[in-house]
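Trainee: Provided below for reference: sequence and predicted model.
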Amino acid sequence: MRTLVRTAGRLLLSGIFIYSGYGMISQAEGYAKRVSGALPMIPEDPMIPKVHGAIMIGAGSTFALGILPKTSARLLALTLIPNTLIGHPFWKTEKPEERRAQIIQFLKNAGLFGGLLYVASDKRTKPQPED
């Protein structure tokens, strides 16, 4: 039963990363413009979101399959940092309804980050040879 619950948890948690990674790759120009607008020192290069999206798809897939789950969780947690800070800057939003939506998305990402940190640091499971 424990294996079934862990597998279901990994599958459910990985879905958002695989889907978002695909979106970043398919809409790389828009993401590149958004990133360079938020961080002017970063060039407006579509390759940046494409690589970021590929990391999300790769780590999300390996996490879902249980391949190096702790390493995958760490990579996914790292991808959430720029996604959250650039994608959901509620502190810059003036309209209350937009601000509320951004806060909800920010907190959702914070919750995902916490779950991934929990998986990455879980000592109750047998350590994998590479993890």
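Mentor: That came in fine, so what should we check first? Residues are numbered from 1 along each chain as shown.

Trainee: and the residue positioned nearest the centre of the chain, how far from Pro49?
Mentor: Centroid check for the chain by C-alpha atoms, centre = their mean gives Leu80 as the closest residue, at 3.9 Å. Leu80 is 15 Å from Pro49, where distance means C-beta to C-beta, to the nearest Å. C-beta here means a position set from N, CA and C on the backbone, and glycine is covered the same way.

Trainee: and what of Glu94?
Mentor: 26 Å.

Trainee: neighbour-wise, which of these two wins?
Mentor: Shown here are Glu94 and Pro49; by other C-beta atoms under 10 Å, Pro49 has more neighbours (24 against 6).

Trainee: does Ala73 touch Ala120 like I think?
Mentor: Yes: here Ala73 reaches Ala120: they are 4.3 Å apart, a contact under C-beta atoms under 8 Å.

Trainee: more crowded one of the two?
Mentor: Ala73 (25 against 17).

Trainee: in which helix or strand would I find that one?
Mentor: Assigned by DSSP states H and E, Ala73 belongs to helix 69-87.
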